[in-house]
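Undergrad: Generate coordinates for the sequence data below:
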Amino acid sequence: MRKFNKVQISNLEYVLRHGGVIPSSEWTNGSGRYVTRRALPPFCELIDVWDVRYLRGEVRRNAERLLRKRPRVQRLVVVTNLRGARAAVKGAEYATSS
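TA: Predicted structure coming up:
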């Protein structure tokens, strides 16, 4: 498996803590006129709401739940490979503990 830096792992942990789905409006840097999108962590993609139907399992359920709570959301940051993401986070924990 490829090595990831601490920023990538912490961003990935943040997305996983929120069920693998975050609105793209919460994935930004800056304020006012100077807003940019943050870099996507590994195993994640930026998708439109209409593409939620192609997701599977826990991530799809969490995405549908988020869209019921916030129907105006248009784009989502989604973990597309949940197993790989969890393995990367777990591998990073083992690397820091030794």
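
Undergrad: Can you show me the helices along this structure?
TA: Secondary structure of the chain by DSSP state H: the helices cover 6-17, 57-69, 82-97.

Undergrad: Would you mind giving the ones you listed as TSV with distance to residue 51, mean pLDDT and mean neighbour count added?
TA: All C-beta spots, glycine's among them, are computed from the backbone N, C-alpha and C. Converted to TSV, the helices of the chain look like this (distance: least, CB to CB, whole Å; pLDDT from 0 to 100; neighbours: other CB atoms under 10 Å):
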stretch	distance to residue 51	mean pLDDT	mean neighbour count
helix 6-17	17	94	16
helix 57-69	10	96	15
helix 82-97	16	80	14
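
Undergrad: Could you tell me which residues make contact with the residue nearest the centre of the chain?
TA: In the chain, the C-alpha nearest the mean C-alpha coordinate belongs to residue 15, at 3.9 Å (CA atoms, centre = their mean). Residues counted as contacts of residue 15 (CB atoms under 8 Å, 6 or more residues apart in numbering) are 21, 22, 41, 44, 77, 79, 85.

Undergrad: Might one say that the last one is in contact with residue 45?
TA: No. Contact criterion CB atoms under 8 Å: residue 85 and residue 45 do not qualify, at 11.6 Å.

Undergrad: who touches stretch 74-86?
TA: So stretch 74-86 is contacted by 1, 12, 15-16, 20-24, 27, 40, 42-49, 52, 55, 57-59, 63, 66 (CB under 8 Å, 6+ apart).

Undergrad: again, but for stretch 32-42
TA: Contacts for stretch 32-42 (CB under 8 Å, 6+ apart): 2, 4, 8-9, 11-12, 15, 24, 27-30, 46, 77, 84-85, 88.

Undergrad: gap between the two ends of it?
TA: The separation between the terminal residues of stretch 32-42, taken as CA to CA, to the nearest Å, is 28 Å.

Undergrad: From the structure, what's the count of residues near residue 41?
TA: 22 (other CB atoms under 10 Å).
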